[in-house]
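In: Need the 3D shape of this:
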Amino acid sequence: MYAIKTIPISLLYKEKFPTKYSNEVNSLIKLNEKNSLIQEFICTFHDYDNLYFVSKYYDGFMHNYLNLNFTEIQIQFFSACLIRTFILLRRKKIIHRDVHFENLVLDEKQYINLIDFHIAIDYENKNDPKRNIVGSPCLCAPEMIKRLNYDYNSDYYRLGGMLYFMIFKKYPNYLKLKQNLTNISIKYDKKLNYSLECIDFINKLLLENPKERIGFVNIEELKNHSFFNDFNWNDLFEKKINSPFPKIERNNIFLCNKANKFQKRISINSNILKHETIMKIVLNYDYTNPLLILKIFKNFMK
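Out: Here you go, the predicted structure:
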């Protein structure tokens, strides 16, 4: 089963930063590795009216699990899946910038996968701004909120914020008047039913100074924390660990089937396609395999 995102070309003309759509494609092509925990990209194509983005369909949304009382095993597994993804992102020199529950889905083995790369940037690209505030504000790293230079480490702070939420059902940071940032850490308490190692790991992710935050020097610092002393990373990479998350299927989804065929759309104003930036995005967007597209859509397209 496949998921299809439709982007009207007319929308590109109205967008302030339309290049974000081609950025997503470029990032996922770069990250397209077997058995990764990143959105499985299949292909893109366009017609006169829309850009079409085709990816793997995922059974579960992480935000459907947020009412659970998470066990330490679930927090550890959740963290490990994200760390595995961060390793690939860092190797490919990409900062996601919007790691949060809405952008996490569960695959057929109930492993946590990261999706939605439309605001991801190439860390080594000098033209990509690394001081602007983007992504879910409740999880923004302090250096991003202060409009300082940030790097991969800002994504790690977001992991800490999500783990904090999984325990306390609220986010650790919020903006006060004049954007003063509260710096919060968790005080270890046996009543929380989480180990000292678990609490210490979260606190080190939430350090306000990015240079002191775990993972700043080396991504391996995350794997080597005492919270993962008994964790088998090889089994995680080979997907041999049984996920501790129960299956919760997605609700109210639009399935592409014979009852929901794609409808032909009225052609947009051709002047939009003459716009230099829009044309460049459209031309660079295609990453097609004609035989694969025919296989996917032969029963659905009119």
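
In: can you pull the contacts of residue 7?
Out: Residue 7 is in contact with 21, 50, 51, 52, 53, counting by CB atoms under 8 Å, 6 or more residues apart in numbering. (Each C-beta comes from the backbone N, C-alpha and C, glycine too.)

In: nearest to residue 41, of the residues you listed?
Out: residue 53 (8.3 Å; CB to CB).

In: Go ahead and confirm residue 98 touches residue 116.
Out: Yes: Residue 98 lies in contact with residue 116 (CB atoms under 8 Å); the separation is 6.6 Å.

In: can you map out the helices along this protein?
Out: With helices called from DSSP state H, the chain shows them at 9-14, 20-30, 72-91, 142-145, 153-168, 196-205, 220-223, 233-237, 270-273, 276-285, 290-297.

In: Give me the packing partners of the second one, helices and strands only.
Out: Spelled out, it's helix 20-30. strand 41-46, strand 50-56, helix 276-285 (3 or more CB pairs under 8 Å, 6 or more residues apart in numbering; DSSP states H and E).

In: Below-threshold pLDDT in this structure: ranges please.
Out: Along the chain, segments meeting pLDDT under 70 span 13-14, 16-19, 48, 173-183, 249-302.

In: on that earlier part again, which single one of the contacts of residue 7 is nearest to residue 194?
Out: residue 53 (38.8 Å).

In: Could you find the closest non-adjacent residue to the closest one?
Out: Nearest non-adjacent residue to residue 53, counting by CB to CB, 6 or more residues apart in numbering: residue 5, 4.1 Å away.

In: Distance check, the one you found against residue 118.
Out: According to CB to CB, to the nearest Å, residue 5 stands 10 Å off from residue 118.

In: more neighbours, the two?
Out: Under the criterion of other CB atoms under 10 Å, the comparison of residue 5 against residue 118 puts residue 118 first, with 18 against 15.

In: Would you check that that one makes contact with residue 25?
Out: No: the criterion here is CB under 8 Å, and residue 118 misses it with residue 25 at 9.3 Å.

In: Could you tell me how many residues sit around the closest residue to residue 171 other than its chain neighbours?
Out: Of all residues not flanking residue 171 in the chain, residue 138 sits nearest, at 4.3 Å (CB to CB, 6+ apart). Neighbour count for residue 138, taken as other CB under 10 Å: 15.

In: Kindly report the same for residue 220.
Out: The number of residues packed near residue 220 is 11, by other CB under 10 Å.

In: need the contact list for it.
Out: Contacts of residue 220 by CB under 8 Å, 6+ apart: none found.

In: do you know how far it is from residue 96?
Out: Noted for residue 220: a distance of 19 Å to residue 96, by CB to CB.

In: circling back: list just the nearest of the contacts of residue 7 to residue 44.
Out: Distances from residue 44 to those, taken by CB to CB, are shortest for residue 53, at 5.3 Å.

In: Make TSV out of the helices of the chain and add distance to residue 111.
Out: Listed next are the helices of the chain as TSV, based on distance: least, CB to CB, whole Å:
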stretch	distance to residue 111
helix 9-14	32
helix 20-30	18
helix 72-91	6
helix 142-145	28
helix 153-168	16
helix 196-205	20
helix 220-223	17
helix 233-237	8
helix 270-273	40
helix 276-285	29
helix 290-297	24
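
In: Once you drop chain neighbours, what's closest to residue 129?
Out: residue 121 (7.9 Å).

In: my guess is that neighbour contacts residue 94, does it?
Out: Yes: Residue 121 is within contact range of residue 94, at 7.1 Å (criterion: CB under 8 Å).

In: and these two? which has more neighbours close in?
Out: Between residue 121 and residue 94, residue 94 has the larger neighbour count (other CB under 10 Å), namely 25 against 21.

In: Hmm, the more buried one is touching residue 122, no?
Out: Yes: using CB under 8 Å, residue 94 is in contact with residue 122, at 6.3 Å.

In: Noted, bye for now.
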